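*Asks:* Provided below are the primary sequence and the corresponding predicted coordinates.
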Amino acid sequence: MAEITKTEGERTALLYCADPPSYDQQKRITAFLKKKYGKEYKLRPILDSSINSGFRLVVDTETYDWTDAGRLQQLREMLSTVGEDHPLGDSDYITLFKEAIHKWTPAALAEEEGQVVTVGDGIVVATGMNSAVYGEVVLFDCGEKGMVQDIREDEIGIIMFGPDDEIQEGSRVKRTKKTAGIPVGDGFLGRVVDALGNPVDGKGPIIAESYRAIETPAPGIVERQSVSEPMSTGILSIDSMFPIGRGQRELIIGDRQTGKTSIAMDAILNQKGNGVVCIYVAIGQKTSSIAQLVGTLQKKGAMDYTVVVSAPASETAPVQYIAPYSGTALGEYFMRKGKDVLIVYDDLSKHAIAYRALSLLLERSPGREAYPGDVFYLHSRLLERSAHLSDELGGGSMTALPIVETQAGDVSAYIPTNIISITDGQIFLESDLFFAGQRPAVNVGLSVSRVGGAAQKKAMKKAAGSIRLELAQYREMEVFTQFSSDLDEATKNQLVYGQGLMMLLRQPQGSPFRLPEQVILLVAATVGRVFVTIPFDEIAEFRRGLLGYFAENEQMMYKEIEKTGELSDEVKAEIVRAANEYLKQWNAEHAVPETEE
């Protein structure tokens, strides 16, 4: 876009055209400018061989594109709005489309244009477009789109949603006056999409029902209600000691390869049949890892209620940056319909790294660990959108499980401490426990749920009792007894009991427990103490047999716990009685025959 010259009392408008305009054409255009702006403009024709017909009029920072391409773009934008208030896929949609084309006439619309100054690494810097706002989508003359991410005094920084190969210095870019958004709808269930909502699973297009901005304000205090309903993960150690409620944000934190994704996966698998919509956002992962995860979900029948938003490591930093916001917009669609949503961000460490990369490319001032100054706001505005909405708004909820990777167990690093302060608790996975065979490797001392028993069924709260305290005492005693060889009987019993609890909490991946099963195991272990006499390497087999025994012989007890969510003293006593009966049966079956001397 050539520079517009101004002289004292005179303004110049540039007219790009294929042939020189006639006197009458110039007169009509200058009259239009006088009426539109209330000022006199001198017309300066510039011959442009790339224009087949029509013209392009540049007035200060605004452009009137009356070329074939410009009018075609106007038609496209008009057609993109057809059906916004009418569900797509209806039989009369084509009729609406035809009527819109028949009635449409091109209009003299001013578009604010800019000019590309630099481009590279998915970042474009442009001048002009003085009225552009943060988060606005802009359109390049090659058809690619980007989003305004940085606003300076005389130029703006744009992050690209697609390749920047066809963009070069001098390319034109114009405002769309729309914020970045993503199509949403029930058709996304069971699909794998990219950060812009485009399907990447090869199953064809997705019929969208509406469109949501990827960034929206979090619900206010009046729009929320307290977290009171449990979001069961099916993992005994978490549901008993660190319960997660619907609308809560519980951080999963630990070193790489300690089972963070496995916990999130089990939580998703446990929602089968619960009416919960699950969204898994993969940020900066290997494409093969994402494909393996999708395969597991399909095998377990969990993809029917799950959406996977994929932004793998091969994607650019801007795409990885917007992925969690896009996933949250999808979750908000279901939440606003009154449904319960579970969203997993895997992981926000890579999200922060992607944001640091694009911020440095935008030449923002680096702060601690080279992250920009607003990196806290990056995640706070994302996680605050998870909530339990009031009944007036449908009572829907969105529960967030953000995942953060630590280095050598350091939870005091910049990003981990930021997200710990935003969330309502954290599940800390310890490397030493993981390598010792404790799966999930939950550290009882550093893990916490700030919602706690408020989001726990009464039966679970009563069954769990003081198990967390007993495990913490066992861990301390275990460290202390490493330096002592002579132990009294009470200490030995406490160690055996604690080791039995630790073995009980070992749980295979993809095998979540239902509420009655969790209650039975906890009561049998803490009240009945039935696991004390079982050899450690046989506890998993004994647990499996115990649950099978209850399922076969105590159906009424199962149903009562599941239906009421409560645990009476009578039922607790019945669990202890039945557990001891199975223990006798187990001992009889596993008795070691005496050998003759």
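*Replies:* Thanks, I have the structure now. The shown structure was predicted, so the numbers you read here are calculated from the model rather than taken from an experiment.
*Asks:* And for Pro535, the neighbour number?
*Replies:* Using other CB atoms under 10 Å, Pro535 is surrounded by 11 other residues. C-beta here means a position set from N, CA and C on the backbone, and glycine is covered the same way.
*Asks:* Which pLDDT value goes with it?
*Replies:* According to the per-residue confidence, Pro535 scores 89 in pLDDT.
*Asks:* so where do the helices sit in the stretch 51-200 of the chain?
*Replies:* Listed in chain order, the helices of the stretch 51-200 of the chain (DSSP state H, counting those that start in this stretch) span residues 68-80, 93-103.
*Asks:* any idea which of the ones you listed scores lowest on pLDDT?
*Replies:* For those, the bottom mean pLDDT is recorded on helix 93-103, which sits at a mean of 59.
*Asks:* Skipping adjacent residues, who's closest to Arg256 in space?
*Replies:* Spatial nearest neighbour of Arg256, excluding adjacent residues (CB to CB, 6 or more residues apart in numbering): Glu405 at 5.5 Å.
*Asks:* residues in contact with Thr287?
*Replies:* Neighbouring residues of Thr287 by CB atoms under 8 Å, 6 or more residues apart in numbering: Ser310, Pro312, Ala313, Ser314.
*Asks:* scratch that, Lys457
*Replies:* Each residue near Lys457 by CB under 8 Å, 6+ apart is listed here: Pro230, Leu515, Gly565, Glu566.
*Asks:* Where strands are concerned, which of these count?
*Replies:* Counting by DSSP state E, the contacts of Lys457 place none of their members in strands.
*Asks:* Which of those ranks first by neighbour count?
*Replies:* The member of those surrounded by the most neighbours (other CB under 10 Å) is Pro230, with 21 neighbours in all.
*Asks:* What's opposite it in the beta bridge?
*Replies:* With DSSP bridges as the criterion, Pro230 is bridged to Gly245.
*Asks:* So Ile46 belongs to a strand, correct?
*Replies:* Yes. Applying DSSP: H, G, I helix; E, B strand; the rest coil, one finds Ile46 inside a strand.
*Asks:* Surely it and Ala18 touch.
*Replies:* No. Taking CB atoms under 8 Å as the definition, Ile46 is not a contact partner of Ala18, at 10.7 Å.
*Asks:* What is the burial count for Phe428?
*Replies:* Counted with other CB under 10 Å, Phe428 comes out at 24.
*Asks:* Which SSE is immediately downstream of the helix or strand bottoming out on mean pLDDT in the chain?
*Replies:* Per-element confidence for the chain was summarised using mean pLDDT, DSSP states H and E. The lowest value among helices and strands belongs to strand 6-7, with a mean of 45. Under the assignment DSSP states H and E, the closest C-terminal helix or strand after strand 6-7 is strand 10-17.
*Asks:* which helices and strands does that following strand pack with?
*Replies:* On a contact count with 3 or more CB pairs under 8 Å, 6 or more residues apart in numbering; DSSP states H and E, strand 10-17 meets helix 23-37, strand 41-47, strand 55-59.
*Asks:* Turn the ones you listed into CSV, columns for distance to Arg368, mean pLDDT and mean neighbour count.
*Replies:* Formatted as CSV, those follow (distance: least, CB to CB, whole Å; pLDDT from 0 to 100; neighbours: other CB atoms under 10 Å):
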stretch, distance to Arg368, mean pLDDT, mean neighbour count
helix 23-37, 49, 82, 13
strand 41-47, 50, 85, 15
strand 55-59, 45, 81, 21
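*Asks:* Would you mind giving those as TSV with distance to Ala573 added?
*Replies:* Formatted as TSV, the entries for the helices and strands packed on strand 10-17 read as follows, by distance: least, CB to CB, whole Å:
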stretch	distance to Ala573
helix 23-37	86
strand 41-47	92
strand 55-59	86
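*Asks:* closest to Val281 out of these?
*Replies:* Nearest to Val281 among those is strand 55-59; the distance by CB to CB comes to 41.4 Å.
*Asks:* Report the contact partners of the residue lying closest to Thr67 once chain neighbours are set aside.
*Replies:* When the adjacent residues along the chain are set aside, Thr67 lies closest to Gly54, with 4.2 Å between them (CB to CB, 6+ apart). Applying CB under 8 Å, 6+ apart, we find Gly54 in contact with Cys17, Trp66, Thr67, Asp68, Gly70, Arg71.
*Asks:* Quick check: Glu384 vs Tyr377, distance?
*Replies:* The span separating Glu384 from Tyr377 equals 10 Å under the rule CB to CB, to the nearest Å.
*Asks:* meant to ask about Thr179
*Replies:* Thr179 sits 17 Å away from Tyr377, going by CB to CB.
*Asks:* and the two? which has more neighbours close in?
*Replies:* Neighbours per residue (other CB under 10 Å) separate Thr179 from Tyr377, with Thr179 holding more: 16 against 11.
*Asks:* who's in contact with that one?
*Replies:* Residues touching Thr179, when contacts are defined by CB under 8 Å, 6+ apart, comprise Gly135, Glu136, Val137, Ala213, Ile214, Glu215.
*Asks:* wait, Ile263 sits on Gly234?
*Replies:* No. With the criterion set as CB under 8 Å, Ile263 and Gly234 do not qualify as a contacting pair; they are 10.2 Å apart.
*Asks:* Looking at the two, which is more packed in?
*Replies:* Neighbours around Ile263 and Gly234, counted as other CB under 10 Å, are more numerous at Ile263. The numbers are 27 against 22.
*Asks:* Identify the residue nearest Ser53 in space, chain neighbours excluded?
*Replies:* The spatially closest residue to Ser53, leaving aside those adjacent along the chain, is Asp68, at 5.8 Å (CB to CB, 6+ apart).
*Asks:* who does the helix or strand containing Ala267 touch, helix- and strand-wise?
*Replies:* Assigned by DSSP H and E, Ala267 belongs to helix 260-269. For helix 260-269, the packing partners by 3+ CB pairs under 8 Å, 6+ apart come out as strand 251-254, strand 276-283, helix 287-299, strand 340-346, strand 397-405, strand 425-429.
*Asks:* now do 7 Å
*Replies:* When contacts are defined as 3 or more CB pairs under 7 Å, 6 or more residues apart in numbering; DSSP states H and E, helix 260-269 packs onto strand 251-254, strand 340-346, strand 397-405.
*Asks:* Columns mean pLDDT on top of these, output as CSV?
*Replies:* Below are those laid out as CSV (pLDDT from 0 to 100):
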stretch, mean pLDDT
strand 251-254, 97
strand 340-346, 97
strand 397-405, 97
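*Asks:* Arg152 is nearest to which of these?
*Replies:* Among the helices and strands packed on helix 260-269, the nearest to Arg152 by CB to CB is strand 340-346 (30.4 Å).
*Asks:* Report the angle between the closest one and helix 260-269.
*Replies:* What separates the directions of strand 340-346 and helix 260-269 is an angle of 160 degrees, with axes from the mean of the first three to the mean of the last three CA atoms, to 10 degrees.
*Asks:* Could you tell me which other helices and strands strand 340-346 packs against?
*Replies:* Secondary structure elements in contact with strand 340-346, counted by 3+ CB pairs under 7 Å, 6+ apart, are helix 260-269, strand 276-283, helix 317-336, strand 397-405.
*Asks:* who does that strand pair up with?
*Replies:* Note on strand 340-346: by DSSP bridges, its sheet partners are strand 276-283 (parallel), strand 397-405 (parallel).
*Asks:* Among those strands, single out whichever gets nearest to Ile221.
*Replies:* Ranking those by distance to Ile221, with CB to CB as the measure, places strand 397-405 first at 15.6 Å.
*Asks:* Kind regards, and thank you for your time.
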